[in-house]
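>>> Need the 3D shape of this:
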Amino acid sequence: MTRVAPRTSRIVRAAALISAMAFVAPTTAPRVALYAQSAQSAQGVAPDSFVVQRIADGMYAFVRREPPAMALNSNSVAIVTDSDVIVVDAEFTAAAARGVIAALRHITSKPVTYVVNTHWHDDHTAGDRAYLDAYPNAHVIAQVNTASAMRTIAVANRTVQLEQGPAAVARIRHLVTVDSTLAGGRLSAPERASYLTTIALFDEYVHEAPTFRAVFPDVTFDDTLTLVRTFAGRARTIELHYYGRGNTEGDAVVFLPRERILVAGDLVVAPVPLCFNSHPREWIAALNRLLALRPAVIVPGHGPVMTDVTYMTRVRDLLVAAVAATDSARARGLTLVQTHAAVQLASFRTTFAGSDPLVNSLWNSWTLQPLVSAAYTDTLLVPLARPTGRR
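A predicted model of the protein is given here:
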């Protein structure tokens, strides 16, 4: 069995990579029709925390609107059927999940019966408990590798976050007080908003820790799981697919073939992909499978709803170029440190980050450096052992 070392959170990595600004900023991709302005009725949730976008009849994306920050909530999707609701991903805190639930209850009184976790990261799973509290008969679905990781890696990761994260956040809090960026410059208004968002969200995460109860998936699948429902009397098929390791070892996507809607999890994140502990070669293969689906609407794990495959193709091309350049460096006998110096992917930096200093900082610390490391070390297609899961 392949052993996987515990991952560290974005907050904790920020302590180690203190110059990194991990955030997700808006892109210029067109948006699908806006259903509701915000979660104004959600108790404890800021009015502009997310918007609700109707992406098809009976389908809604809850797209996060917090300022770019080092701690983030995930996007979520609700798929309404004639009998129930299937939700995809569950935010970084229970409070954030309750905000989505409050907005969902303004849309439909039908019960949530399934919550799909696209992967194990806390910003997609920590809100699971809020859904089970609100809908006691609901089940949590995950790919078997994700289900295993949620019992092992995720538990260790949460411990590290709660032990080391407060020190990193204390430094960010101090920087706000002295009006300084991590790099030593003066805070701009967007940077100040980013830092304050990080502080607020992590404080909420820590506040919930004493009463946090982990939720583990009770429905799992290997490669494909299909749910068949009706909506407005018509068949609504909901496909869950696993196309191999990518951002994590168990990335699931949700695809509705008739509507051609893809919920991609963190296989697609804007404005730049998050590449820590990733598996670039299998990620390329997974994205090729997603492109073959010809989705008309893509809901990424973070970032705005997309209505074409332009950005997803760009991510695939970046991964292909990174693997090729890294393999070339290895073939020339370069060490990992030398490979980092040699592989700069300058044209992709321009495409993804342009001249924006914050996006360039994100590109450096959350895309380029971890992607080259992953491509250098993860050279063979060696899938994790798949534990037997309950369907």
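>>> Next secondary structure after the helix or strand of the chain with the lowest mean pLDDT?
The weakest-scoring helix or strand in the chain, judged by mean pLDDT, DSSP states H and E, is strand 34-36 (a mean of 42). Helices and strands here follow DSSP states H and E; after strand 34-36, the next one along the chain is strand 50-56.
>>> Check which helix or strand residue 268 maps to.
strand 261-269.
>>> hmm, I was thinking of residue 203
Residue-wise, residue 203 maps onto helix 189-208 under DSSP H and E.
>>> Tell me which other helices or strands the helix or strand following that helix touches.
Of the helices and strands lying after helix 189-208 in sequence (DSSP H and E), the nearest is strand 219-221. Under the contact definition 3 or more C-beta pairs under 8 Å, 6 or more residues apart in numbering; DSSP states H and E, strand 219-221 sits against strand 139-143, helix 144-151. Every C-beta, even on glycine, is put in place using the N, C-alpha and C of the backbone.
>>> What mean pLDDT does the longest one get?
Which is helix 144-151. Averaged across helix 144-151, pLDDT comes to 97.
>>> Which residues does the residue nearest to residue 82 when sequence neighbours are not counted form beta bridges with?
Nearest residue to residue 82, sequence neighbours excluded (C-beta to C-beta, 6 or more residues apart in numbering): residue 230, at 4.7 Å. On the basis of DSSP bridges, residue 230 is bridged to residue 235.
>>> so residue 230 sits right up against residue 258, yeah?
No. Contact between residue 230 and residue 258 fails when scored by C-beta atoms under 8 Å: they sit 11.7 Å apart.
>>> Next, show the common contact partners of these two.
Shared contacts of residue 230 and residue 258 (C-beta atoms under 8 Å, 6 or more residues apart in numbering): residue 236.
>>> I'd like the helices and strands packed on strand 219-221 as a markdown table, with mean neighbour count and distance to residue 158 appended.
Converted to a markdown table, these look like this (neighbours: other C-beta atoms under 10 Å; distance: least, C-beta to C-beta, whole Å):
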| stretch | mean neighbour count | distance to residue 158 |
| --- | --- | --- |
| strand 139-143 | 24 | 17 |
| helix 144-151 | 24 | 10 |
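>>> Next, format the ones you listed as a markdown table and append distance to residue 337.
Formatted as a markdown table, the helices and strands packed on strand 219-221 follow (distance: least, C-beta to C-beta, whole Å):
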| stretch | distance to residue 337 |
| --- | --- |
| strand 139-143 | 34 |
| helix 144-151 | 29 |
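>>> how many neighbours does residue 269 have?
24 (other C-beta atoms under 10 Å).
>>> quick one: pLDDT of it?
Reported pLDDT for residue 269: 95.
>>> bridging residues for it?
Taking DSSP bridges as the rule, residue 269 bridges to residue 302.
>>> and the gap between it and residue 276?
12 Å (C-beta to C-beta, to the nearest Å).
>>> Which parts of the stretch 201-350 of the chain are strands?
Taking DSSP state E, counting those that start in this stretch to define them, one finds strands in the stretch 201-350 of the chain at 219-221, 224-231, 234-242, 252-256, 261-269, 297-302.
>>> follow-up on the earlier one: which strands and helices sit next to the helix holding residue 203?
helix 94-107, helix 153-177, helix 357-362.
>>> just checking, which of the ones you listed sits deepest inside the structure?
Most buried of the helices and strands packed on helix 189-208 by mean neighbour count (mean count of other C-beta atoms under 10 Å) is helix 94-107; its value is a mean of 23.
>>> That one to helix 189-208, inter-axis angle?
100 degrees (axes from the mean of the first three to the mean of the last three C-alpha atoms, to 10 degrees).
>>> Adjacent strands (with direction) for the helix or strand following helix 94-107?
Following helix 94-107 in sequence order, the next helix or strand is strand 112-116 (DSSP H and E). Here strand 112-116 is paired, per DSSP bridges, with strand 85-88 (parallel), strand 139-143 (parallel).
>>> For residue 344, which of these is the nearest?
Closest to residue 344 of the strands paired with strand 112-116 is strand 139-143 (C-beta to C-beta; 34.0 Å).
>>> May I have the closest one as PDB, with CA atoms only?
C-alpha atoms of strand 139-143 as PDB (Å, rounded to 0.1, in the frame of the first residue of the first chain):
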ATOM      1  CA  HIS A 139     -25.600  10.500   3.200                       C
ATOM      2  CA  VAL A 140     -22.000  11.600   2.200                       C
ATOM      3  CA  ILE A 141     -20.600  10.300  -1.000                       C
ATOM      4  CA  ALA A 142     -16.900  10.200  -2.000                       C
ATOM      5  CA  GLN A 143     -14.500   8.300  -4.200                       C
END
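>>> what's the distance between that strand and the middle of its chain?
Centroid displacement of strand 139-143 relative to its chain, using C-alpha atoms, centre = their mean, to the nearest Å, is 16 Å.
>>> Then stretch 260-269?
Remark: stretch 260-269 is offset 9 Å from the chain centroid, using C-alpha atoms, centre = their mean.
>>> Tell me the buried residues in it?
Neighbour-count burial for stretch 260-269, counted by 16 or more other C-beta atoms under 10 Å, picks out 261, 262, 263, 264, 265, 266, 267, 268, 269.
>>> so can I have TSV of the residues you listed showing distance to residue 157?
Below are the buried residues of stretch 260-269 laid out as TSV (distance: C-beta to C-beta, whole Å):
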residue	distance to residue 157
261	30
262	27
263	23
264	22
265	17
266	15
267	20
268	22
269	18
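>>> same for the helix or strand encompassing residue 129, what does it pack against?
Here residue 129, judged by DSSP H and E, is contained in helix 128-134. Counting contacts by 3+ C-beta pairs under 8 Å, 6+ apart, helix 128-134 is packed against helix 94-107, strand 112-116.
>>> could those go into TSV alongside distance to residue 330?
Output for these, formatted as TSV (distance: least, C-beta to C-beta, whole Å):
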stretch	distance to residue 330
helix 94-107	42
strand 112-116	37
